[in-house]
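*Asks:* compute the structure for the input listed below.
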Amino acid sequence: MACALRSLCCSSLLRTNPFRRPDIFKLDRYRYVSSLPQETGSKETFVVRVADGSLFMSMYVTLNGKSRMLNRVRSDAFEKTLHRIGIIAEVVTGKGKDLSDGHPVALFYGNGDLAGTRKEVGDSNINAFCHGDVLKIGEREFEVIVNPPTVLGISLPTYISKGMTLYPAVQAEFVEEGSFEFEWSRVSQEGGQDVHQLVSTEERYVPSAEDIGCRLSLKVTPIVSNGGNPIPFCVETSEVDVDTVQLGFEARARATPSYHAADSDTIRVVSYNILADMYMGDGFAASNFSYCPSTAMSVGYRDMTLMRELPAYHADIMCFQEVEEKRFHSAILPCLKQASFQGRTSMKTNMVEGCATVWRQNRFRYVEAKHYAVSDEVAKNPLLEDVRKDAPSWAVGDLMQRNTILQIICLQQISDGRDIIVCNTHLYYFPTADGQRLLLTLACLRLIEAYKKTIESKRRHRLPPTVLFCGDFNSIPERPVHRLITTGKVSTKEEKAPGHDGFENDREDARDGNRDGLQYACESELVLDSVTPHPGVPWSNYTEGFIGLLDYIYFDKTLALENVVPMPSETVVSEFTALPSVRYGSDHLPIIADLKFKQT
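*Replies:* Sure thing, here's the model as predicted:
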């Protein structure tokens with residue numbers, strides 16, 4: 001049934017909703033349209049929030065339509081808090097006197113044999129304010145609600161179009177995971193008023209043709225089994241747009257129409273640099289992606305393309321680079337959770353972007369995760385002592401400035417118990433820094449090999465562990481990084497690649513602190529095969545200034561390459577000059593491969 005609701009002002013509601021967290025959910029993602037419930041039965045509410053481990057208690061009360069918050073030390077005497085509440089009440093009501101004297105503020109037991117009895121002074125805040133107690137401010141009574149199940153916020157894309165599946169990312173506290181009720185409404189205008197029409201009570205929603213030009217409203221309420229007082233949250237989206245653009249991934253997705261069976265010998269792996277939103281600022285975008293319209297560069301539009309694209313590949317394991325923590329938890333993971341994925345992130349040192357790995361939970365059990373800041377490992381790890389001693393001091397010094405990380409996720413295949421070690425990295429980007437990338441790669445290979453031996457020492461199954469090493473290596477196949485990984489050896493006599501003179505160039509000629517000139521022979525015990533280069537994948541990064549293969553999926557001898565999804569033609573990709581574009585949300589396209597376990 002449709003009903004007319006009055007639009008509420010965002011700025012005032014930000015003041016009246018004490019549970020909102022602006023650091024997590026930015027206002028430009030949606031319009032906030034709800035506030036705390038003020039009544040439970042015949043009484044108004046006095047809400048107390050006590051987070052585990054916090055020294056403080058947060059208290060919320062509404063007086064004369066104005067919401068007020070107090071932060072009080074848990075161990076303080078509760079009569080001090082009552083006195084402070086009285087002062088606040090006096091200010092709000094404008095009575096001209098201290099209500100803690102003229103209109104006493106008192107706390108009463110609400111349950112048990114002492115129900116209705118006033119609590120005596122001397123107790124601490126944490127012991128005095130109990131769920132169900134009654135707080136009296138003058139003649140008004142407030143029911144004390146401690147830690148009500150609360151939705152703190154909801155994240156939805158800023159750009160929404162017909163046919164796009166919406167996966168809300170819900171932040172909540174004191175709520176069992178997944179215990180929510182959802183109400184989607186279509187918001188249209190009739191006679192200058194907002195009219196809300198309920199369209200779905202499912203978690204996900206796919207906008208239809210009827211939604212075009214309307215906003216969508218989503219109300220999320222915690223499910224409470226004990227008759228408590230859940231605090232809901234409501235957001236409104238931007239207007240639903242017409243779905244007029246055919247996205248570029250659709251042709252490649254036709255090669256991956258379904259998931260492999262849970263007990264299949266084949267796994268589908270994806271490695272994808274999704275282009276961090278932090279690099280889409282005016283300066284960087286203007287100099288690197290001037291050909292891309294601003295709408296297509298917005299995070300809302302690119303999230304829309306990503307949330308359609310990722311499920312369509314029907315992968316088993318996906319490794320992402322340039323992933324922001326917020327974007328992962330607000331867009332990527334909620335989308336993929338619907339297909340039984342779980343995942344973890346590892347941020348680069350002192351950066352808000354990094355790597356993320358996700359996997360299908362009906363194929364793999366999560367065992368553990370490791371995060372390595374590679375420069376720290378080079379500085380301290382005994383495995384890399386020879387690098388510290390043998391590499392030129394200037395090279396090691398430069399390496400210490402890099403923020404490269406190595407993420408390792410250990411999974412166990414449910415069907416046969418095999419351990420799968422999934423490794424993910426993103427190497428330093430500067431074109432003339434091949435020597436630094438070589439040392440970073442050597443460090444990664446040493447760390448992976450050491451971790452593999454640890455897993456082998458406590459092997460839970462007769463099958464040997466499998467190693468996958470994915471990432472954006474910022475290095476073309478002709479350079480030393482790829483040679484070290486696939487052959488296990490790099491000598492000092494490296495042949496220069498035209499136009500990519502980073503390994504032997506004069507370090508004094510380098511600019512912006514990106515000196516190189518490193519000539520360093522090194523070997524790796526761990527040797528891996530590679531999905532790329534492949535005839536169908538001549539490149540993975542396609543911009544106006546560079547076209548080349550920078551992204552790789554490496555795998556060990558337990559696997560064999562079964563299939564590679566080819567890249568689209570350059571004619572298709574260059575339709576709008578280069579990447580990103582209205583059809584593609586990143587300047588990279590993913591490497592997609594099926595790998596088959598060898599018979600043992």
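*Asks:* got the residue ranges for the strands in the stretch 251-400 of the chain?
*Replies:* 266-273, 317-324, 341-347, 353-360, 364-373 (DSSP state E, counting those that start in this stretch).
*Asks:* okay, the ones you listed in CSV with distance to Tyr291, mean pLDDT and mean neighbour count next?
*Replies:* All C-beta spots, glycine's among them, are computed from the backbone N, C-alpha and C. Putting the strands of the stretch 251-400 of the chain into CSV (distance: least, C-beta to C-beta, whole Å; pLDDT from 0 to 100; neighbours: other C-beta atoms under 10 Å) gives the following:
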stretch, distance to Tyr291, mean pLDDT, mean neighbour count
strand 266-273, 19, 98, 24
strand 317-324, 20, 98, 27
strand 341-347, 30, 98, 20
strand 353-360, 23, 98, 26
strand 364-373, 36, 98, 16
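*Asks:* show me the one of these that comes nearest Ile223.
*Replies:* When the strands of the stretch 251-400 of the chain are compared by C-beta to C-beta, strand 341-347 sits nearest Ile223, at 22.1 Å.
*Asks:* what's the closest of the strands of the stretch 251-400 of the chain to Val573?
*Replies:* Short answer: strand 266-273, nearest of these by C-beta to C-beta, at 15.3 Å.
*Asks:* now the angle from the closest one to strand 317-324?
*Replies:* Inter-element angle recorded for strand 266-273 and strand 317-324: 10 degrees (by axes from the mean of the first three to the mean of the last three C-alpha atoms, to 10 degrees).
*Asks:* may I have the strands that pair with strand 266-273, each with its orientation?
*Replies:* If you go by DSSP bridges, strand 266-273 pairs up with strand 317-324 (parallel), strand 591-597 (antiparallel).
*Asks:* check the offset of it from the chain's centre.
*Replies:* What separates the centre of strand 266-273 from the centre of its chain is 18 Å, taken as C-alpha atoms, centre = their mean, to the nearest Å.
*Asks:* what's next to it, contact-wise?
*Replies:* By C-beta atoms under 8 Å, 6 or more residues apart in numbering, the residues outside strand 266-273 that reach it are 256, 259-260, 313-322, 363, 424, 426, 468, 470-472, 531, 541, 550-553, 555, 562, 586-597.
*Asks:* any of the residues you listed buried? List them.
*Replies:* 256, 259-260, 313-322, 363, 424, 426, 468, 470-472, 531, 541, 550-553, 555, 586-595, 597 (16 or more other C-beta atoms under 10 Å).
*Asks:* and Ala296, what is it in contact with?
*Replies:* So Ala296 contacts Arg302, Pro580, Ser581, Val582, Gly585 (C-beta under 8 Å, 6+ apart).
*Asks:* hmm, 6 Å instead?
*Replies:* Val582 (C-beta atoms under 6 Å, 6 or more residues apart in numbering).
*Asks:* from memory Val527 sits against Lys489, does it?
*Replies:* No: counting by C-beta atoms under 6 Å, Val527 stays clear of Lys489, with 8.9 Å between them.
*Asks:* quick one: which of the two has more around it?
*Replies:* Neighbours of Val527 and Lys489, each counted by other C-beta atoms under 10 Å, are more numerous for Val527; the result is 17 against 13.
*Asks:* distance of the more buried one from Thr486?
*Replies:* If you measure Val527 against Thr486 using C-beta to C-beta, to the nearest Å, the figure is 7 Å.
*Asks:* next one: Pro580
*Replies:* Counting by C-beta to C-beta, the gap from Pro580 to Thr486 is 30 Å.
*Asks:* repeat that for Ala51.
*Replies:* Ala51 sits 50 Å away from Thr486, going by C-beta to C-beta.
*Asks:* more neighbours: which of these two?
*Replies:* Thr486 (16 against 12).
*Asks:* for the more buried one, what is the enclosing helix or strand?
*Replies:* helix 480-487 (DSSP states H and E).
*Asks:* then that helix to CSV, C-alphas only?
*Replies:* Extracted in CSV, the C-alpha atoms of helix 480-487 (Å, rounded to 0.1, in the frame of the first residue of the first chain):
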residue,chain,number,x,y,z
PRO,A,480,63.6,-10.3,-15.2
VAL,A,481,60.5,-10.7,-12.9
HIS,A,482,58.7,-13.1,-15.1
ARG,A,483,62.0,-14.9,-15.9
LEU,A,484,62.8,-15.4,-12.2
ILE,A,485,59.4,-16.8,-11.4
THR,A,486,59.2,-19.2,-14.4
THR,A,487,62.9,-20.3,-14.6
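*Asks:* give the buried residues for that helix.
*Replies:* Quick answer for helix 480-487 (16+ other C-beta under 10 Å): Pro480, Val481, His482, Arg483, Leu484, Ile485, Thr486.
*Asks:* quick one: end-to-end distance for stretch 156-174.
*Replies:* 22 Å (C-alpha to C-alpha, to the nearest Å).
*Asks:* off-centre distance for that stretch?
*Replies:* 13 Å.
*Asks:* again with stretch 552-562
*Replies:* 28 Å.
*Asks:* give me the mean pLDDT for it.
*Replies:* Averaged across stretch 552-562, pLDDT comes to 98.
*Asks:* tell me which residues are up against that stretch.
*Replies:* In contact with stretch 552-562 (C-beta under 6 Å, 6+ apart) are residues 266, 269, 271, 466-470, 473, 485, 528-532, 591, 593-596, 598.
*Asks:* and the helix or strand hosting Glu44, average pLDDT?
*Replies:* Using DSSP H and E, Glu44 sits in strand 43-49. For strand 43-49, mean pLDDT rounds to 90.
*Asks:* given that strand, what are its sheet partners and their directions?
*Replies:* Strand 43-49 sits in its sheet next to strand 39-40 (antiparallel), strand 56-63 (antiparallel), strand 140-146 (parallel), going by DSSP bridges.
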